[in-house]
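Asker: Here is a sequence together with a model predicted from it:
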Amino acid sequence: MTVIGLDDTDSRERGMCTTYLAARLAERVVAEGGTIDRRLLVRLNPAVEYKTRGNAALALHTDLDPDRALELAAAELEPLAETDDPRTSPGVVVAGDAPEAVPDAVADFTRRAIRELLDPAEALAVLDAAGYRHRGWEGGRGRIGALAAVGAWAALEEWTYERISYRAFERCGTPRDVDEASVFEEAERFYPDAWDTVDRVERQAVCVPNAPGPILYGIRGDEADAVSDLADRIESEPTERSATFLTNQGTDAHLADGRIGDLRDGRAYRVDGTVASDPETRRGGHVFFEFEGPAGSDARVDCVAFEPTKRFRDRVRALRVGDDLTVCGEVTDGTLKLEKFAVRALRRTAETNPTCPSCGRSMASAGRDQGYRCRDCGTSAAEPATVPLDRDLERGWYEVPPCARRHIAKPLVRGGFDAPVHPER
């Protein structure tokens, strides 16, 4: 078997898409007499500085000779890669291994590439030790992702599907002609086997990108037939080609278990703790609160729900000091950017000034550690009163809506969570 890894051929401004290159290369391999067993779309660490949007690397599993595979990959890549963009630095890796039998160091590299920040020197060291063929353009930083894609089948256990439909390449950069009514109708028909196709509240066709690349729409889900059938039912401009990828999208593979005080920038974590400050809406509509570790720990971290997370911010605003949570998200500049959170325990009561039993008015503080006194009646109380709190949250998981979801983040509708879920659609 042969595994071809590809990465970093696109540009934020100029377009292209490495999935498109992989789809074309797969067709070329078949035309050369080879077979394609699998197409993998592997989402890597979403905090990587050089990513375009979703930080995807691609792998093709084939029986083509490795030397010929490298030649074909280079021939397809060179006319398509947007190397005029100084941020674009393509890489190709070809392994003469069965996908499940790559060296342990390669599989470990994949797991690290999904959760950590790696540099080209690390990739080159692993490549040389494995004896893999590889090429780079404009520095070849894309060999990091290409190598990670090669090791993905051995490194990862959970896979979902994406069916990507591509427009005619000459139409790239022009407005997409996709009938949104058909997208919403079919999204409803195939949910939840296919998810994150639309955002029903924001009325967005999430599956249709805004970038100037060749993707017309991409349908994600747990069932290969469902994503393909849904894609085929959408009314749109003509598609040039389509391809179905196995992917780690929607799996939370980027999240590592972390502790407040030990969190590092450029990584994403799952962290337990307690709300330490009431949520505050700041300029721009972003909602912040402080989150602290277990009792006896002084460590704290700021958590934020940014404005693009829309109605998720109302869930965050409903939090109160003392609520026990598990929070998930990427850490940047010491702040954890929320993707989802689980309510483990809610604070149900609050302390307030006691009521005077004589006149029914609220007592005032009599001074530090001196209890409370009614200024009209002179009555006093040693302790504050306790009143019940009405809470708009329940125990369980809450998530950002589909319009704000990262590709790799796991939608609650997929299940497998350790508490009740409150999915967004």
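Answerer: Ah, there it is.

Asker: In terms of helix, strand or coil, where does Arg24 fall?
Answerer: When classified by DSSP: H, G, I helix; E, B strand; the rest coil, Arg24 comes out as helix.

Asker: Which parts of the stretch 151-300 of the chain are strands?
Answerer: Taking DSSP state E, counting those that start in this stretch to define them, one finds strands in the stretch 151-300 of the chain at 160-167, 194-195, 215-221, 239-247, 255-258, 268-275, 280-281, 287-292, 300-305.

Asker: and Ala404, how many neighbours?
Answerer: Number of residues near Ala404 (other C-beta atoms under 10 Å) recorded here: 22. Using the backbone N, CA and C atoms, a C-beta is placed for each residue, glycine as well.

Asker: Excluding sequence neighbours, find me the nearest residue to it.
Answerer: Nearest residue to Ala404 in three dimensions, chain neighbours excluded: Thr309, at 4.5 Å (C-beta to C-beta, 6 or more residues apart in numbering).

Asker: Is it correct that that neighbour is in contact with Val400?
Answerer: Yes - assessed by C-beta atoms under 8 Å, Thr309 is found in contact with Val400 at 4.5 Å.

Asker: Show me what the mean pLDDT comes to for the longest strand seen in the chain.
Answerer: In the chain, taking DSSP state E as the definition, the longest strand is strand 335-345. For strand 335-345, mean pLDDT is 98.

Asker: could you check the angle strand 300-305 makes with that strand?
Answerer: Here the directions of strand 335-345 and strand 300-305 differ by 90 degrees (axes from the mean of the first three to the mean of the last three C-alpha atoms, to 10 degrees).

Asker: Who are the packing partners of strand 335-345?
Answerer: strand 268-275, strand 300-305, helix 312-317, strand 324-332, strand 396-399 (3 or more C-beta pairs under 8 Å, 6 or more residues apart in numbering; DSSP states H and E).

Asker: Only C-alpha atoms, please: export that strand in CSV.
Answerer: C-alpha atoms of strand 335-345 as CSV (Å, rounded to 0.1, in the frame of the first residue of the first chain):
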residue,chain,number,x,y,z
THR,A,335,-7.8,33.3,27.8
LEU,A,336,-9.9,30.2,27.1
LYS,A,337,-12.2,30.7,24.1
LEU,A,338,-15.3,28.7,24.8
GLU,A,339,-16.6,26.0,22.4
LYS,A,340,-18.9,24.2,24.8
PHE,A,341,-19.4,23.8,28.6
ALA,A,342,-21.1,21.3,30.9
VAL,A,343,-23.0,22.4,34.0
ARG,A,344,-22.1,20.0,36.7
ALA,A,345,-23.8,21.8,39.6
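
Asker: quick one, it and strand 268-275 angle?
Answerer: Put simply, strand 335-345 runs at 60 degrees to strand 268-275, going by the same axes, to 10 degrees.

Asker: Any buried residues in strand 335-345, and which?
Answerer: Thr335, Leu336, Lys337, Leu338, Glu339, Lys340, Phe341, Ala342, Val343, Arg344 (16 or more other C-beta atoms under 10 Å).

Asker: Make sure the second one is actually in contact with Val327.
Answerer: Yes - the pair Leu336 / Val327 is scored as a contact, 6.3 Å apart, by C-beta under 8 Å.

Asker: Assign a three-state SS to Val150, would you?
Answerer: Using three-state DSSP, the structure places Val150 in helix.

Asker: Quick one: the buried residues of strand 335-345 as a markdown table, columns for distance to Thr83 too.
Answerer: Converted to a markdown table, these look like this (distance: C-beta to C-beta, whole Å):
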| residue | distance to Thr83 |
| --- | --- |
| Thr335 | 34 |
| Leu336 | 35 |
| Lys337 | 31 |
| Leu338 | 36 |
| Glu339 | 33 |
| Lys340 | 37 |
| Phe341 | 41 |
| Ala342 | 44 |
| Val343 | 48 |
| Arg344 | 49 |
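
Asker: What count of nearby residues applies to Val102?
Answerer: Neighbour tally, Val102, other C-beta under 10 Å: 23.

Asker: go on, Ala253?
Answerer: So Ala253, with other C-beta under 10 Å, has 25 neighbours.

Asker: per-domain residue ranges of this protein.
Answerer: 2-155, 160-247, 255-348+390-422, 349-388 (automatic domain parsing).

Asker: Most tightly packed of those domains?
Answerer: domain 2-155 (a mean of 21; mean count of other C-beta atoms under 10 Å).

Asker: Quick one: end-to-end distance for that one.
Answerer: Length of domain 2-155, first residue to last, C-alpha to C-alpha, to the nearest Å: 17 Å.

Asker: Give me the distance between the closest residue to Val183 other than its chain neighbours and Thr349.
Answerer: In space, and not counting its chain neighbours, Val183 is closest to Ala205: 4.5 Å by C-beta to C-beta, 6+ apart. As judged by C-beta to C-beta, to the nearest Å, Ala205 and Thr349 stand 44 Å apart.
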